[in-house]
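[1] Provide a 3D model corresponding to the input given below.
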Amino acid sequence: MGYSVLLIDDEPNFCASLNMLLATEGYDSTVSHSGQEALFHLENNHYDAVLLDIGLPDISGLEIAGILKKKYPDTVVIILTGFATLENAVESLRSGIYDYLRTPFVPDQLLRTLSRGIEHKRLERRLHNSEKRFRQLSRATWEGIIIYDAGNLLQANSQLCKMFGYEEKELLGRQIFDVLLDRDSIRTIHLQSGSDTIGPFEAIGIRKDESRFPVEIRVKRISYSGRGAQVAAIRDVTTSKLAVEKQLALQQKLSDAKRMEFLGLMAGSVAHDLNNIMAGIITYPELLLMDLPEDFKYREEIGMISEAGKRAAAVVSDLLTVARGATCKKEVHNLNSLVSGYSNSVECRELCTRYPGLEITSDMDSQLLNTSCSAVHITKSIMNLVNNAAEAIGKNGNILIITRNRVVVSPIDGYERIEPGEYVTLQVRDNGHGIPEKDRPHVFDPFYSKKILGRSGTGLGLAVVWNTAHDHDGYIDLESNKHGTTFTLYFPVTHKKPADAVPVPSMESSRGCGEQILVVDDQANQREIARLLLSRLGYCVHTVCSGEEAVKFVKEKAVDLVMIDMIMDPGINGCETYQQILQHKPGQKAIIASGYSNSTEIERARKLGITHFIKKPYSIHDLGQTLRLEIS
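    Purely as a prediction, here's the structure:
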């Protein structure tokens, strides 16, 4: 049987005989001779039943019965007493006991009472749990239920009344489908009529306040109070429709992500080779111009070749930023200094020359906090946003660049969801004609451009802005109407201070003093370009075509600096080359020069101790500066 029983009585002989009787019948019994002992057992064990004497030496049995009712309601309590009175019996029943037996009693009478009491509590628990589950399901269901006959409402649940804004009495006896539904909107989803089931259907529900919302209806025939009737489950599918729209949006994002993955693979595969090719287009004209007289007939045309190469390199850089993200080193900067830098840049002056009726102004917070960012990518984002605004305005208009501190306390659902946090914001605001509503969801998509082909950008400008913001753990908001457009970029605040500015070497100070430089590159033309530029800068240059040869060279001859290409095929790459060089020449200075490197390899190089990187194609000025910074 396995039920546990606690026997509470101060008479040892009675307890012993009763304990033996219970054990014979398969009960697991425990004996307590006082109230305190009984409370201890109750605190530390579970009992299905308690046999309780009223007259205990320390605590009244009725008091214990009250404790049992309050703290152990699932335990059946049976009073055993030789001093039965009407008053005791009434008080016992008030205390929630199951039965009241007067001693002496027939053993079978006790066993029957005990068995019935335990079964009664078991059924009571099952009923309670069943009712509890029913109440939970009733509260949890989000469907409105109606029972009707020939269209007349017989009964409705509270969810339906809440859904439509009525009280049940307002609907009883009325033609329910004329009241709650727009009949003209009812249509079959996929009819599954059977002997007792009809539907499902879609329709437009009409609330008491006449507002409308989409519903789904399923109907089933039932027997109700001895007659045939129908029960209809009516579900508000507003959320479902929103979920479908959300799913479609997620599918679109997945499609975009796959497209970007393909774009990234394509960009990564061609960037290294394209940058190597363009190195010659940029570098050789630069070297020619250094040797040609100022009045040379084709000097301007040669300069145009170099500029065209730089623009092509910038397109590849943008493509990589869009496809793979901004992998540049992030340092502490103040956006005000970056805005000022752009306002005084050649690019800004050229834009104002191209659009003479354009006025570019700034409104910067003098107390602006700092952010950890890639200055190159943030400046490029400012430039792209201003260029985009200028092209949107056309001939005459105003562009305002604003910086502010902002604390977001609760999420902002703007163009995208902006999470709570402390930010610095960068706004670019124009007074153009605004972005058409149908175009706004796509303005940051790569190549989604409304610009005239050949007269403006590549279609990557705003995509670069989007990727830059998110690569900095930031957000973008966009507001646009017929009076103009505002882009707002949110960047997380850092309370660190910017590092002291490193003086930028001049061209003269960038020249070498015969230092030994080892160039490691698998491309012969890249080795030759590096050799020409470094020689022109006053360095003594050695070249090798692989990482393995570089390690061998450094073992045999000391050099002041190693200039390593990151991607070399076949053989070991730039990081592996430098790692092996360090094993033979600890502390060897090196820089990485590469047309394309992923963020993982760049981070690995930093951990090895390389602090300076130069991106191909590079100019003689950029190369000279990078080498002087590393060597000095």
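
[2] tally of neighbours for E300?
    Neighbourhood size, E300 [other C-beta atoms under 10 Å]: 8. All C-beta atoms are positioned from the backbone trio N, CA, C, and that covers glycine.

[3] that one: which element?
    helix 299-324 (DSSP states H and E).

[4] over to L248?
    Using DSSP H and E, L248 falls in helix 238-291.

[5] any buried residues in the one helix or strand L351 maps to, and which?
    Here L351 sits within helix 346-354, counting by DSSP H and E. For helix 346-354, a neighbour-count test (16 or more other C-beta atoms under 10 Å) marks 348, 351 as buried.

[6] can you list the buried residues in the very next helix or strand once past it?
    Beyond helix 346-354 on the C-terminal side, the first helix or strand identified by DSSP H and E is strand 357-364. Buried positions in strand 357-364, judged by neighbour count with 16+ other C-beta under 10 Å: 358, 360, 364.

[7] any idea what the second one is bridged to?
    I360 has the following beta-bridge partners by DSSP bridges: I399.

[8] list the contacts for it?
    343, 348, 351-352, 386, 398-399, 401 (C-beta atoms under 8 Å, 6 or more residues apart in numbering).

[9] also the last one?
    M364 is in contact with 335-336, 339-340, 401-403, counting by C-beta under 8 Å, 6+ apart.

[10] highest neighbour count among those?
    L335 (25 neighbours).

[11] okay, the closest residue to that one other than its chain neighbours: pLDDT?
    Ranked by C-beta to C-beta, 6 or more residues apart in numbering and with sequence neighbours excluded, the top spatial neighbour of L335 is T403, at 4.9 Å. At T403, the predicted lDDT confidence score is 96.

[12] what does E43 give?
    90.

[13] hang on, P200 in a strand?
    Yes. Under DSSP: H, G, I helix; E, B strand; the rest coil, P200 sits within a strand.

[14] now it: how far from S32?
    62 Å (C-beta to C-beta, to the nearest Å).

[15] host element of D477?
    strand 475-481.

[16] just the buried residues of that strand, please?
    For strand 475-481, by 16+ other C-beta under 10 Å, it's 475-480.

[17] which secondary structure element contains the residue nearest to L335?
    Counting by DSSP H and E, T403 is part of strand 396-408.

[18] roughly how far is the very next helix or strand once past that strand from the heart of the chain?
    Proceeding N to C from strand 396-408, the next assigned helix or strand is strand 412-413, under DSSP H and E. Mean-position distance between strand 412-413 and its chain equals 14 Å (C-alpha atoms, centre = their mean, to the nearest Å).

[19] tell me the mean pLDDT over strand 412-413?
    For strand 412-413, the mean confidence score works out to 89.

[20] stretch 290-300 now?
    85.

[21] do the same with stretch 311-323
    68.

[22] same question for stretch 374-385.
    88.

[23] would you mark the buried spots in that stretch?
    Quick answer for stretch 374-385 (16+ other C-beta under 10 Å): 374-385.

[24] got the contact list for it?
    321, 326, 328-331, 333, 335, 338-339, 341-342, 345, 347-348, 401, 426, 428, 457, 461-462, 464-465, 468-469, 471-472, 487, 489, 491.

[25] out of those, list just those in helices.
    321, 335, 338-339, 341-342, 347-348, 461-462, 464-465, 468-469, 471 (DSSP state H).

[26] ok, of the residues you listed, which come out buried?
    Neighbour counting with 16+ other C-beta under 10 Å marks 321, 335, 338-339, 342, 348, 461-462, 464-465, 468-469, 471 as buried within the ones in helices among the contacts of stretch 374-385.

[27] just checking, Q516 touches F553?
    No. Using C-beta atoms under 8 Å, Q516 is not in contact with F553; the gap is 10.6 Å.

[28] got any residues that touch both of those two?
    542, 559.

[29] for G82, which residues are in contact?
    So G82 contacts 102-104 (C-beta under 8 Å, 6+ apart).

[30] who wins on neighbours among these?
    T103 (15 neighbours).

[31] look up the closest residue to that residue, ignoring the ones flanking it.
    G82 (4.5 Å).

[32] the one you found and E391, how far apart?
    104 Å.

[33] still on that earlier bit, list the beta-bridge partners for the residue nearest to L335.
    M364, L426.

[34] distance check, it against F40.
    For T403 relative to F40 (C-beta to C-beta), the value is 71 Å.

[35] now K438
    Remark: distance between K438 and F40 (C-beta to C-beta) = 77 Å.
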